[in-house]
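Trainee: can you look at this prediction? I've put the sequence above it.
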Amino acid sequence: MRALKREHSIDVCISHLEGADYLNLLSKGHEKVLLCVHNSKRHDPNIRGALGWLRRRVLMPWLYRAADYIVPVSRELRQELLDTFGLQPEKVVTINNFFDVEGIRRRSLEPLPIAAQALFTQYPVLITAGRLAHEKNQRALLDVLALLRTQGHNAPRLALLGDGPLRADLLRRCQELDLRRWQIWDEQPLTTDFDVYFFGFQSNPFQYIARARVSLLSSATEGFPMALCEAMACGVPVASTDCPTGPREILAPLTPAAHYAATPEWAEFGLLLPLLGQGQEVAGAAPQWSGALLELLASPDRIEHYRTQALVRVQNFGPEPIMQQWEALLHKA
């Protein structure tokens, strides 16, 4: 890497994610080194054991101080880096992720297959998009839907976009909760008779998201959640766990970063909800989720309000305003 930097006369080298950061820093010469931090180092469940201790307590604190600038994608990540690694505040500059808002909006207008269109037309669909993995915590959403069913609310359907290592566990959990599930991998006919729909990976998820009544984010931890902003770009109201980090900055930017919702919070740009957690923790938070979602679904005015607010807020994360921040930092570097 050092030889490549010399050969191409690199002036600034920007790396993304921890492994690339190490390589960028250890090969540092006369060029400026910028690190882009996308995820929490404090809350990441994958940073554990002896190697996790070495990464969090030795490698990152020691190496990251050699960077010229560190660019976290959210304000909470910035504060976390300052508190955890003792970095110089002037070297840590928050720049959010950006989104092709117009491109997402354009793709969201593409028509759905007829069977899927019938589902989204006839029933209020709650949708979530992301890799089927523990950190995304889709399993807890199944418990929320099951609670709605026990309360007699049979109309809402849950749609999951994406695939991943948790697929079998989620399908099994549906069976345990007596939720009828349809999965694209079985190639069975799509009808409106199911409770949960597994649509798998879709090359254009936006055409599904745009037709949902509410988009859900259930993650235990994030950096700056792309799925949340992509749903907002589709003009869909969003309900998100108030997890570290990102959702509060997106939906309630004028509130303190260190504040976390203990009860449903009808924020400026969307609904913030308590962490769902895992296992027994879900039982405590699921009633708050089900109650707030029912309240949202029952209010066309509130749905329309959050549709409008979503489109307003997501403009702040379009390519132009974010790239202006990057250009300013590059000139400074």
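Mentor: Happy to help now that I have it.
Trainee: for stretch 124-138, buried residues please.
Mentor: 124-130, 132, 134-138 (16 or more other C-beta atoms under 10 Å). Where C-beta positions appear, they are placed from N, C-alpha and C, glycine not excepted.
Trainee: from those, which ones fall inside helices?
Mentor: Here DSSP state H is the test, and the buried residues of stretch 124-138 give residue 138 as lying in helices.
Trainee: I'd like the buried residues of stretch 124-138 as TSV, with distance to residue 74 and pLDDT appended.
Mentor: TSV is the format used below for the buried residues of stretch 124-138 (distance: C-beta to C-beta, whole Å; pLDDT from 0 to 100):
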residue	distance to residue 74	pLDDT
124	30	98
125	29	98
126	25	98
127	23	98
128	20	98
129	19	98
130	17	96
132	24	97
134	21	92
135	16	91
136	17	95
137	19	96
138	22	97
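Trainee: in terms of contact, does residue 95 touch residue 323 like I think?
Mentor: No: counting by C-beta atoms under 8 Å, residue 95 does not reach residue 323; the two are 9.4 Å apart.
Trainee: okay, those two: which has more neighbours?
Mentor: Of the pair residue 95 and residue 323, residue 95 is the one with more neighbours under other C-beta atoms under 10 Å, namely 20 against 12.
Trainee: if I pick the more buried one, what's in contact with it?
Mentor: Listed by C-beta atoms under 8 Å, 6 or more residues apart in numbering, the contact set of residue 95 reads 71, 73, 322, 325, 326, 329.
Trainee: ok, now residue 206?
Mentor: 104, 107, 108, 110, 230, 233, 234.
Trainee: any idea how far the residue most central in space within the chain lies from residue 241?
Mentor: The centroid of the chain falls nearest to residue 225 when counting by C-alpha atoms, centre = their mean (2.8 Å). For residue 225, the distance to residue 241 equals 10 Å [C-beta to C-beta, to the nearest Å].
Trainee: could you tell me which of the contacts of residue 95 belong to strands?
Mentor: residue 71 (DSSP state E).
Trainee: what's the overlap in contacts for residue 225 and residue 241?
Mentor: 217, 219, 247.
Trainee: ok, longest helix in this protein?
Mentor: helix 281-297.
Trainee: and that helix, how far out from the chain's middle?
Mentor: Put simply, helix 281-297 sits 19 Å off its chain's centre (C-alpha atoms, centre = their mean, to the nearest Å).
Trainee: cool, thanks, signing off.
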